[in-house]
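J.: This is the structure alone, sequence omitted:
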């Protein structure tokens, strides 16, 4: 069983930046960030393949968010720039086991989940 712990959330003004981290207790396959705003469904934000060479971002964050991972530290990151009030949400880290190879935008694809970290962007 792999445990995921997110960090780096907080309050920032519109146009600002934050960097979220997700530390895993062991090796994982593809990883992703999801977010859930109040009253809305959880949505895919960004994903990264097991080796870190393949990344995919939702259209809503493309060009503003960059996902990366350091497999020597079992840690994934997302650098979030040009933040907007609509980016306000709880951000969750998710990971698949070592077997799967591909990034998915579907939450059910990921076995392990973090507890979430709040990101609030003020206007």
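T.: On my side now, so go ahead. Nothing here was measured: the structure is a model prediction, and the numbers come from that model.
J.: alpha carbons only for contacts and neighbour counts from here, please
T.: Fine.
J.: So which residues of the protein form helices?
T.: Taking DSSP state H as the criterion, the chain contains no helices.
J.: for it, what spans make up the strands?
T.: With DSSP state E, the ranges of strands along the chain come out as 4-7, 10-13, 18-24, 31-36, 43-48, 55-57, 65-70, 75-80, 89-95, 112-113, 117-122.
J.: Output those in JSON lines, with mean pLDDT and distance to residue 105 appended to each entry.
T.: Below are those laid out as JSON lines (pLDDT from 0 to 100; distance: least, Cα to Cα, whole Å):
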{"stretch": "strand 4-7", "mean pLDDT": "97", "distance to residue 105": "18"}
{"stretch": "strand 10-13", "mean pLDDT": "98", "distance to residue 105": "25"}
{"stretch": "strand 18-24", "mean pLDDT": "98", "distance to residue 105": "18"}
{"stretch": "strand 31-36", "mean pLDDT": "98", "distance to residue 105": "8"}
{"stretch": "strand 43-48", "mean pLDDT": "98", "distance to residue 105": "6"}
{"stretch": "strand 55-57", "mean pLDDT": "97", "distance to residue 105": "9"}
{"stretch": "strand 65-70", "mean pLDDT": "98", "distance to residue 105": "14"}
{"stretch": "strand 75-80", "mean pLDDT": "98", "distance to residue 105": "16"}
{"stretch": "strand 89-95", "mean pLDDT": "98", "distance to residue 105": "11"}
{"stretch": "strand 112-113", "mean pLDDT": "98", "distance to residue 105": "14"}
{"stretch": "strand 117-122", "mean pLDDT": "98", "distance to residue 105": "19"}
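J.: TSV please, covering those and showing distance to residue 106.
T.: Output for the strands of the chain, formatted as TSV (distance: least, Cα to Cα, whole Å):
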stretch	distance to residue 106
strand 4-7	18
strand 10-13	26
strand 18-24	19
strand 31-36	10
strand 43-48	7
strand 55-57	13
strand 65-70	17
strand 75-80	18
strand 89-95	11
strand 112-113	13
strand 117-122	20
